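*Asks:* Predicted model follows, preceded by the sequence.
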Amino acid sequence: MTISERIFERLEKLSMSQKELSEKTGIKESAISEWRKKKTNPSSEKIMPICKALGVSPEWLLSGIDAAGSRNIDYYIVQKNTDIGKLISFYNDLDPSFRERVMGYAEAFASLDEKEKKTE
């Protein structure tokens, strides 16, 4: 199954129209129609907005494999404009010695949090 076939399958499951997908993603309705008519796939920059609108992971959209599939996912997909995305950007900009310190702090906070949960 192609990416566009998965998109239209998901639209049908959600009872969502192409117009609604267009409104939620900012992708022109004519472009969405072209995917169906010409059996083409959306360009890469459209994948994340489509996933968000359809409530699916990029892995599912691209491959058809979902969280219940046999593959283990050993990575996260994070939007840059979220708190976690910003944290990752800050971390990536740090000197390696500061990265080690940040990791130490994070581990210490996680340990404290775990202890607090146990005492509640």
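*Replies:* Structure received. Numbering: from 1, shown residues only.
*Asks:* Was I right to think residue 40 contacts residue 4?
*Replies:* Yes - with contact defined as CB atoms under 8 Å, residue 40 reaches residue 4; the gap is 6.5 Å. Every residue, glycine included, has its C-beta placed from N, CA and C.
*Asks:* how about the host helix or strand of residue 31: buried residues?
*Replies:* Residue 31 is part of helix 29-38, with elements assigned from DSSP states H and E. Across helix 29-38, burial judged by 16 or more other CB atoms under 10 Å covers 32, 35.
*Asks:* circling back: who has more neighbours, residue 40 and residue 4?
*Replies:* Ranked by neighbour count (other CB atoms under 10 Å), residue 40 and residue 4 place residue 4 first, with 19 against 13.
*Asks:* For the more buried one, which non-adjacent residue is closest in space?
*Replies:* Spatial nearest neighbour of residue 4, chain neighbours left out: residue 35 (4.1 Å); criterion: CB to CB, 6 or more residues apart in numbering.
*Asks:* show me what contacts residue 32?
*Replies:* Residues near residue 32 by CB atoms under 8 Å, 6 or more residues apart in numbering: 7, 18, 21-22.
*Asks:* Next, find the distance separating residue 53 from residue 42.
*Replies:* For residue 53, the distance to residue 42 (CB to CB, to the nearest Å) stands at 12 Å.
*Asks:* I meant to write residue 11 there.
*Replies:* Counting by CB to CB, the gap from residue 11 to residue 42 is 13 Å.
*Asks:* domain assignment for the chain?
*Replies:* As given by automatic domain parsing, the domain ranges for the chain are 3-63, 83-119.
*Asks:* between those, which gets nearest to residue 77?
*Replies:* domain 3-63 (5.8 Å; CB to CB).
*Asks:* avg pLDDT for that closest one?
*Replies:* Confidence over domain 3-63 (mean pLDDT, whole number) is 94.
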